[in-house]
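[1] Fold the stuff below for me.
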Amino acid sequence: MQVLEGAAAMAIDQAVADTEVMTTEAAGRNALLPVLLPIASGEAMADAADAVRSDEVRGLLAAIRRLASVVEEETVALTTGQKIDFDDFSARKSRSMLEFVRLMRARMHLGGEVEITEEIQRLREKLERNRSILEMHYDAVREVASIIVKAIREAESDGTYTGRAAQDGK
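    Purely as a prediction, here's the structure:
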């Protein structure tokens, strides 16, 4: 045990002596003094992990915002009565949703991020509004279609088979 302690003391003394020689030599040549560098596995690794996490958060937020933008664009088009290419909107929403789902699966650990949670909540609200307006639009289309079908049936019928039903008000 004493041998190990002695060896450790000699190693420390040698390191101090080497440092003194280096700083003395450096001072003589107008060189910079030695600088303490962080251990690579410590702060630098944490900073790198934060940078990667930050990039992941930004990427996921961008995907959520793209999806929300497409949904909002369709909702505005429906509410303002613009001509709508439903196939285009459907394809764009599907692509954005696929991207969002893939990013969420790959980065489940980001689900607890406050900013991501808030963006997902805003997206959910936009999707609900979009669903409501699409449902109202669908109901209107269905009603118009039923009026057209009824008009066609009445125009094609000579009353032979439906005369009694028409008299009964059916």
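[2] Please list the residues outside stretch 122-139 that contact it.
    64, 67, 68, 71, 72, 74, 75, 78, 79 (C-beta atoms under 8 Å, 6 or more residues apart in numbering). C-beta coordinates here come from the backbone N, C-alpha and C atoms, glycine included.
[3] typo on my end, it should be stretch 91-99
    By C-beta under 8 Å, 6+ apart, stretch 91-99 touches 63, 66, 67, 70, 71, 74.
[4] Give the buried subset of those residues as a ChimeraX selection command.
    The buried residues among those can be selected in ChimeraX (16 or more other C-beta atoms under 10 Å) with this line:
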select :63,67,70,71,74
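[5] about what we covered before: going by distance to residue 154, which of the contacts of stretch 122-139 wins?
    Here the nearest of the contacts of stretch 122-139 to residue 154, counting by C-beta to C-beta, is residue 78; it sits at 31.3 Å.
[6] Next one: the closest one relative to residue 151, how far apart?
    26 Å (C-beta to C-beta, to the nearest Å).
[7] who's more crowded, these two?
    Each of residue 78 and residue 151 has its neighbours counted (other C-beta atoms under 10 Å); residue 78 has more, 18 against 10.
[8] Quick one, grab the pLDDT at the residue lying closest to the more buried one once chain neighbours are set aside.
    Closest residue in space to residue 78, ignoring its immediate chain neighbours: residue 133 at 4.9 Å, by C-beta to C-beta, 6 or more residues apart in numbering. You'll see residue 133 listed with a pLDDT of 95.
[9] just residue 147 next, same as before
    For residue 147, the model assigns a pLDDT of 95.
[10] hmm, back to that, count of neighbours near the residue nearest to residue 78?
    Residue 133: 16 neighbours (other C-beta under 10 Å).
[11] again, but for residue 75
    Neighbour count of residue 75, defined by other C-beta under 10 Å: 19.
[12] swap in residue 117?
    The burial count for residue 117: 12, using other C-beta under 10 Å.
[13] same deal with residue 91?
    If you count neighbours by other C-beta under 10 Å, residue 91 ends up with 12.
[14] Now it: which helix or strand?
    Assigned by DSSP states H and E, residue 91 belongs to helix 86-106.
[15] I'd like to check the angle between the following helix or strand past that helix and helix 86-106, please.
    The helix or strand immediately downstream of helix 86-106 is helix 114-156, counting by DSSP H and E. Calculated by axes from the mean of the first three to the mean of the last three C-alpha atoms, to 10 degrees, helix 114-156 forms an angle of 150 degrees with helix 86-106.
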